[in-house]
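Peer 1: model this:
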Amino acid sequence: MIDKTFASIAAAVEGIQDGAVIMVGGFGSAGMPSELIDGVIATGARDLTIISNNAGNGDHGLAALLKAGSVRKVVCSFPRQSDSYVFDELYRAGKVELEVVPQGNLAERIRAAGSGIGAFYSPTGFGTLLAEGKETRVIDGRDYVLEMPLHADIALIKAHKGDRWGNLVYRKAARNFGPIMAMAAKVAIAQVDEIVELGQLDPEHIITPGIFVQRVVAIARHIATPSAHAV
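Peer 2: Here you go, the predicted structure:
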């Protein structure tokens, strides 16, 4: 019987090693698998390369992973924003490397890895520092830069619901990078709000088929109940 569910965060992230390349879903806090990230911190893994849309917000999620000293390099589109102070401090101190990738190229490089595409040409970044050292080509009179796919050892993603086969559905904008990251990693680990029985997910609504997911763990949500004395 196929059963990809895990009983705890610790069990789901077990085996992540020093030096791993980890993709982390999320667009800011939307779709950020914060509990899985906390689990990675608890493993003590170091020298990690993180591929994500940004470099952390506030002091939670990716920022917490950076603050723990676990990250050697960040590959992202938006390293700096109003609350990226953890990354800013580490980068200015020379404690973390940075590779900036335009957002469209980032998504396509991840998708290319998952689709088995060896490389692709993109006009974005031509003539800038982002194109230094890369092959260029003129196609139909337009300048292009050769971009390589981005592969990962692990993908940490967040979905709304999943089943024991690893099929996933997402909630609105939380979908963002999760589906392509699951395809581009050797092991995709998904945290979900709920694990449902097989057949309860409408096949037409499944975004990430279970073939791309190796581990699923449900995150308990604690919802405050009104006091008996509340009016």
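Peer 1: Provide a list of residues in contact with the residue most central in space within the chain.
Peer 2: Nearest residue to the geometric centre of the chain (C-alpha atoms, centre = their mean): residue 24, 1.9 Å. Contacts for residue 24 (C-beta atoms under 8 Å, 6 or more residues apart in numbering) come out as 32, 33, 37, 50, 51, 52, 62, 155, 156, 181. For glycine as for every other residue, the C-beta is placed from the backbone atoms N, C-alpha and C.
Peer 1: could you dump the residues you listed to CSV with secondary structure?
Peer 2: Below are the contacts of residue 24 laid out as CSV (DSSP: H, G, I helix; E, B strand; the rest coil):
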residue, secondary structure
32, coil
33, coil
37, helix
50, strand
51, strand
52, coil
62, helix
155, strand
156, strand
181, helix
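Peer 1: pLDDT score for the residue nearest to the centre of the chain?
Peer 2: Looking at residue 24, its pLDDT reads 98.
Peer 1: One more: residue 228?
Peer 2: At residue 228, pLDDT is 44.
Peer 1: Then residue 109?
Peer 2: We have a pLDDT of 98 for residue 109.
Peer 1: which SS class is it?
Peer 2: helix.
Peer 1: Could you tell me which residues make contact with it?
Peer 2: 101, 147, 148, 149, 150.
Peer 1: Show me what the residue nearest to the centre of the chain is bridged to.
Peer 2: Judged by DSSP bridges, the bridge partners of residue 24 are residue 156.
Peer 1: Throw together a ChimeraX command that grabs the buried residues out of the contacts of residue 109.
Peer 2: Buried subset of those, written as a ChimeraX selection, criterion 16 or more other C-beta atoms under 10 Å:
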select :101,147,149,150
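Peer 1: Make TSV from the contacts of residue 109 and add pLDDT, distance to residue 137 and secondary structure to it.
Peer 2: Compiled in TSV, the contacts of residue 109 are given as follows (pLDDT from 0 to 100; distance: C-beta to C-beta, whole Å; DSSP: H, G, I helix; E, B strand; the rest coil):
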residue	pLDDT	distance to residue 137	secondary structure
101	96	19	coil
147	98	12	strand
148	98	14	coil
149	98	17	coil
150	98	20	coil
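Peer 1: Looking at the contacts of residue 109, spot the one nearest residue 41.
Peer 2: Minimum distance to residue 41 across these is 22.8 Å, recorded for residue 150 (C-beta to C-beta).
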